[in-house]
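S.K.: The amino acid sequence is not available; the structure is as follows:
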């Protein structure tokens, strides 16, 4: 119950910030992520995808949707960042040892207009809970707080998608 309330509040903030940004308000954006280069808006469409499901069908559909958007708009017209979070849910998707889509993710992150980031907090919780030492898929970038990364990108004008 508490988690759903927190998620509701976060999503409400995202919606409000997106509406405010689209209304022309300028906001200062925190420099939360230092190790990821921020791409200037050379792309016509900027998408942030929030992936937090442990359901492999939803994970597959999310990856399919990202590729469908690229195909639809063209590689030069779209920038997509998939933010993966949730210690017991989607986070195993980004580890070499547990991802059913590791090869596909490796191919996607080689594309100049696709970034996949993983919540550092979720990774720590997953490691603590399972006791497993896991390695990130090459090209997946950790961020300190996944939901904060989503907010940051939303404030920059990215369109928010959640399966």
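M.R.: Received it, and whenever you're ready, just let me know what you need. Note that the coordinates shown come from a computational prediction; the quantities given were computed from them, not determined experimentally. Residues are numbered from 1 along each chain as shown.

S.K.: pull the helix or strand with minimum mean pLDDT from this structure.
M.R.: Least confident helix or strand, the chain: helix 2-22 with a mean of 45, by mean pLDDT, DSSP states H and E.

S.K.: following it, which helix or strand comes up?
M.R.: strand 45-51 (DSSP states H and E).

S.K.: what's that next one in contact with?
M.R.: Applying C-beta atoms under 8 Å, 6 or more residues apart in numbering, the contact partners of strand 45-51 are 58-59, 62, 65-66, 69, 73, 77-85, 90, 93, 149-150, 153-154, 156-163. Yep, even glycine has a C-beta here, placed from its N, CA and C like the rest.

S.K.: do the same with stretch 128-142
M.R.: Residues contacting stretch 128-142 (C-beta under 8 Å, 6+ apart): 35-36, 84, 87-88, 94-99, 102, 105-106, 109-110, 115-120, 123, 126-127.

S.K.: centre of the chain versus that stretch, how much separation?
M.R.: 16 Å (C-alpha atoms, centre = their mean, to the nearest Å).

S.K.: Buried ones in that stretch, by neighbour count?
M.R.: Buried residues in stretch 128-142, defined by neighbour count with 16 or more other C-beta atoms under 10 Å: 134, 136-137, 139-142.
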